[in-house]
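[1] Please work out how this folds:
(one chain, ligands or ions: 1)
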Amino acid sequence: MIIGSGPAGYTAAIYAARADLKPVLYTGMEAGGQLTQTTEVDNFPGYPNGITGPEMMEDFRKQAERFGTDVRFGYVSSVDFSSLPHKVVVDEAKTITADTVIISTGATAKWLGLPSEQQYNGFGVSACAVCDGFFFKGQDVAIVGAGDTAAEEATYLAKLCNKVYMLVRRDEFRASKAMVHRVLNTPNIEVIYNTEAKEVLGNGKNVTGLRIINNQTSEESDLAVEGFFVAIGHKPNTEIFKGWLEMDETGYLKTIPGTTKTNIEGVFACGDVQDHYYRQAVTAAGSGCMAALDAERYLAAKEDEVKVGV
Ligand code: NDP
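    Numbers count the residues shown, from 1 in each chain. Next up is the predicted model:
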């Protein structure tokens with residue numbers, strides 16, 4: 001059973017189905033995952049002319065179904081990994097058993113919660129500089145956040161863009177000293193402290209600016225920018241696995257390095273749910289392939305055990 005329908009889940013499904021493991025994949029509430037929230041995807045190999053995120057996820061789904069994956073719309077509401085086979089409850093109603101479970105529930109970008117931020121999401125507003133920075137080549141952009149992600153993304157954007165305004169809500173960064181040093185030594189990044197985004201400004205189609213507010217003086221002003229990047233952290237979708245699977249302090253699933261194995265036999269994790277560092281569609285897909293191979297080898301070893309009566 002595969003939980004989640006982003007690049008990791010569908011890639012695991014393609015491999016598992018081709019290996020005749022008869023995978024059932026539950027899509028979750030956001031079928032297709034985070035990529036359905038983006039517009040153009042230019043960095044996934046195999047699409048020389050680029051593709052939209054939703055179209056790409058349709059292709060993933062079709063490819064998984066072509067080999068017999070049973071794709072079902074529904075969300076997993078709880079799990080019971082206390083004994084084999086594993087039990088998974090779908091839509092708080094139906095219990096399904098599975099010899100192996102591949103978890104690819106992803107992570108969700110945190111947003112500020114401004115209505116205008118959602119209105120322009122994909123049209124100038126983005127939660128991924130590596131994915132979307134290219135579209136703002138030579139332009140002025142703003143980024144909010146003061147952690148390592150924001151610092152890294154600001155320096156990434158600075159290489160592509162003319163000017164990067166960086167909004168830090170306190171008078172200091174949360175990011176590591178080395179990252180802050182890089183930010184402060186990049187000439188085209190302007191850090192604006194004690195400042196928050198109040199509203200994304202636009203012309204109905206694209207972003208044209210950002211209204212900011214100084215949280216010490218309440219003074220408001222506008223920045224003329226074409227892009228606005230939100231880098232205030234991600235939340236891994238791991239709530240239902242609490243108490244079963246080992247997680248790091250921020251809730252990401254722990255896997256045995258170099259594998260997708262979790263601390264529970266027959267349960268594997270791939271994609272952003274176990275990776276807060278790379279977070280790319282292609283790395284998620286790669287780890288989905290690993291999870292299917294790990295599951296296949298696990299099942300083959302189990303079968304051998306049965307044959308020799310272990
Ligand atoms: P973090 O949780 O570390 O940082 C989130 C940042 O967003 C904080 O600076 C926070 O401000 C700010 N923020 C949160 N909500 C708002 C808001 N509503 N308005 C304005 N600002 C807001 O998340 P990251 O994604 O940066 O990092 C996650 C983890 O990944 C960390 O452990 C990090 O070290 C690690 N990481 C490591 C990297 C590396 O080693 N190269 C690269 C990227 C991530 P405040 O500080 O005021 O709370």
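[2] Flag every residue of the chain that's near the ligand.
    Neighbours of the ligand within the chain, by CB under 6 Å from any ligand atom: 112, 144-150, 152, 169-170, 174, 196, 232-234, 276. The way it works is simple: take the backbone N, C-alpha and C, and place the C-beta from them, glycine included.
[3] before we move on, could you check phi and psi at the closest residue in space to residue 194 that isn't next to it in sequence?
    In this structure, residue 194 finds its nearest non-sequential neighbour in residue 216, 4.8 Å apart by CB to CB, 6 or more residues apart in numbering. Backbone torsions of residue 216, given as degrees, to the nearest 10, read phi -90, psi -40.
[4] does residue 216 really touch residue 196, like I thought?
    No: using CB atoms under 8 Å, residue 216 is not in contact with residue 196, being 10.8 Å away.
[5] Those two: who's more crowded?
    Set residue 216 next to residue 196 and count neighbours by other CB atoms under 10 Å: residue 196 wins out with 14 against 10.
[6] so that one sits in a strand?
    Yes: per DSSP: H, G, I helix; E, B strand; the rest coil, residue 196 lies within a strand segment.
[7] So the nearest residue to it once chain neighbours are set aside: helix, strand or coil?
    Of all residues not flanking residue 196 in the chain, residue 169 sits nearest, at 5.2 Å (CB to CB, 6+ apart). With three-state DSSP as the basis, residue 169 sits in coil.
[8] burial measure for residue 169, as a count.
    Here the count is done by other CB under 10 Å, and residue 169 has 16 residues near it.
[9] and it, how far is that from residue 155?
    With distances taken as CB to CB, to the nearest Å, residue 169 is found 19 Å from residue 155.
[10] Can you name the next helix or strand after the helix or strand bottoming out on mean pLDDT in the chain?
    Lowest by mean pLDDT, DSSP states H and E among the helices and strands of the chain is strand 40-41, with a mean of 82. Following strand 40-41 in sequence order, the next helix or strand is strand 51-52 (DSSP states H and E).
[11] hmm, who's touching that next one?
    Contact partners of strand 51-52, identified using CB atoms under 8 Å, 6 or more residues apart in numbering, comprise 38-41, 44, 59.
[12] Of those, which pair is most distant in space?
    With CB to CB as the measure, no two of these lie farther apart than 39 and 59, at 15.9 Å.
[13] where do the helices sit along the stretch 151-300 of the chain?
    With helices called from DSSP state H, counting those that start in this stretch, the stretch 151-300 of the chain shows them at 177-184, 281-307.
[14] most tightly surrounded among the ones you listed?
    Among the helices of the stretch 151-300 of the chain, helix 281-307 has the highest mean neighbour count (mean count of other CB atoms under 10 Å), at a mean of 18.
[15] which other helices and strands contact that one?
    helix 7-18, strand 101-103, strand 267-269 (3 or more CB pairs under 8 Å, 6 or more residues apart in numbering; DSSP states H and E).
[16] how does it look with 10 Å?
    Other elements packing on helix 281-307 under the criterion 3 or more CB pairs under 10 Å, 6 or more residues apart in numbering; DSSP states H and E are strand 2-3, helix 7-18, helix 53-66, strand 101-103, strand 267-269.
[17] how close does residue 228 sit to residue 35?
    Residue 228 is 20 Å from residue 35, by CB to CB.
[18] Check residue 113 too.
    Applying CB to CB, the value for residue 113 to residue 35 is 22 Å.
[19] Between those two, point out the one with more neighbours.
    With neighbours defined as other CB under 10 Å, residue 113 and residue 35 compare such that residue 35 has more, 24 against 7.
[20] for the residue nearest to residue 121 when sequence neighbours are not counted, what are its contacts?
    What sits nearest to residue 121 in space, not counting adjacent residues and going by CB to CB, 6+ apart, is residue 37, at 6.5 Å. Residue 37 is in contact with 30, 53-54, 108-109, 118, 121-122, 126-128, counting by CB atoms under 10 Å, 6 or more residues apart in numbering.
[21] again, only using 7 Å
    The contact partners of residue 37, by CB atoms under 7 Å, 6 or more residues apart in numbering, come to 53, 121-122.
[22] what about the strands in the stretch 51-200 of the chain?
    Applying DSSP state E, counting those that start in this stretch to the stretch 51-200 of the chain gives strands spanning 51-52, 70-72, 76-80, 86-90, 94-98, 101-103, 107-109, 125-126, 140-144, 163-167, 189-192, 195-202.
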